[in-house]
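Trainee: Sequence and predicted structure are below.
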Amino acid sequence: MLLTTSTDPFTRGLDYLYGVRSLALDPGIVDVVYDLDNRIPICTWVGNHIDALNTKLNVYLQACHDCFHPWEQCAIQILAAPFAQSFGIDGLCNLQTDPITILIDVGRVLPEDWWLLVMHEYAHAHAGSPGHHQEFAKSLAHLCLGLAIAPPSCQPGMEASLRSYPNCRPTKDPLAFWRGLG
């Protein structure tokens, strides 16, 4: 988990986002720390709200864990952070960290779809490798059954459709949430 000793919301938020950058596959994924127009409001919002937000994501993570036997569960941490628009992703799973790190940009999808995004990234963690291949499809289908949503159809050439399964509805302005407007 990421820790800071500051009680100032801006500093807490900035420390948190720098910590998340260190867990991302590419630190540039969390670039708001260099965005002079959004840095102060976003870091301040993060400093005030990130603990509650990550607690909510951990509830979704636990629901995914509960779909598997304890010996099938891997050590995973989940954290929310705003992603750079240029990457065009809503979430990522960094299999190179210990524990495995799932990062979610909750500002990019509607709140009622956050758990679907967590489920997708959890399937990557459970499969133990990146990509949308057969092992990922198997993990995702298992999660879908455990969480009572329709599983994807697993057919040859399914990789393209699995990239965005289950479908998460996008927001109009991903940074609005992080500025406290979403």
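Mentor: Yep, that arrived.
Trainee: drop to CA atoms for contacts and neighbour counts, all remaining ones
Mentor: Will do.
Trainee: Next, the contact list for Gly28, please.
Mentor: Listed by Cα atoms under 8 Å, 6 or more residues apart in numbering, the contact partners of Gly28 are Arg21, Ala84.
Trainee: how about 10 Å then?
Mentor: Taking Cα atoms under 10 Å, 6 or more residues apart in numbering, we find Gly28 in contact with Arg21, Ser22, Tyr34, Phe83, Ala84, Ser86, Phe87.
Trainee: Next: Ile40.
Mentor: Applying Cα under 10 Å, 6+ apart, the residues contacting Ile40 are Pro9, Phe10, Thr11, Gly13, Leu14, Val32, Val33, Val46, Arg179.
Trainee: What is the least confident helix or strand in this structure?
Mentor: The helix or strand of the chain with the lowest confidence, counting by mean pLDDT, DSSP states H and E, is helix 159-162 at a mean of 65.
Trainee: Flag every buried residue along whichever helix or strand comes after it.
Mentor: Downstream of helix 159-162, the next assigned helix or strand under DSSP states H and E is helix 174-178. Using 16 or more other Cα atoms under 10 Å as the test for burial, helix 174-178 gives Pro174, Leu175, Phe177, Trp178.
Trainee: List of residues touching helix 174-178?
Mentor: Here helix 174-178 makes contact (Cα under 10 Å, 6+ apart) with 32, 38, 41-46, 49-50, 81-85, 90, 105-111, 171, 181-182.
Trainee: What sits closest to the residue most central in space within the chain if chain neighbours are left out?
Mentor: By Cα atoms, centre = their mean, the mean C-alpha position of the chain lies nearest to Ile104, the distance being 1.9 Å. Of all residues not flanking Ile104 in the chain, Gly91 sits nearest, at 4.3 Å (Cα to Cα, 6 or more residues apart in numbering).
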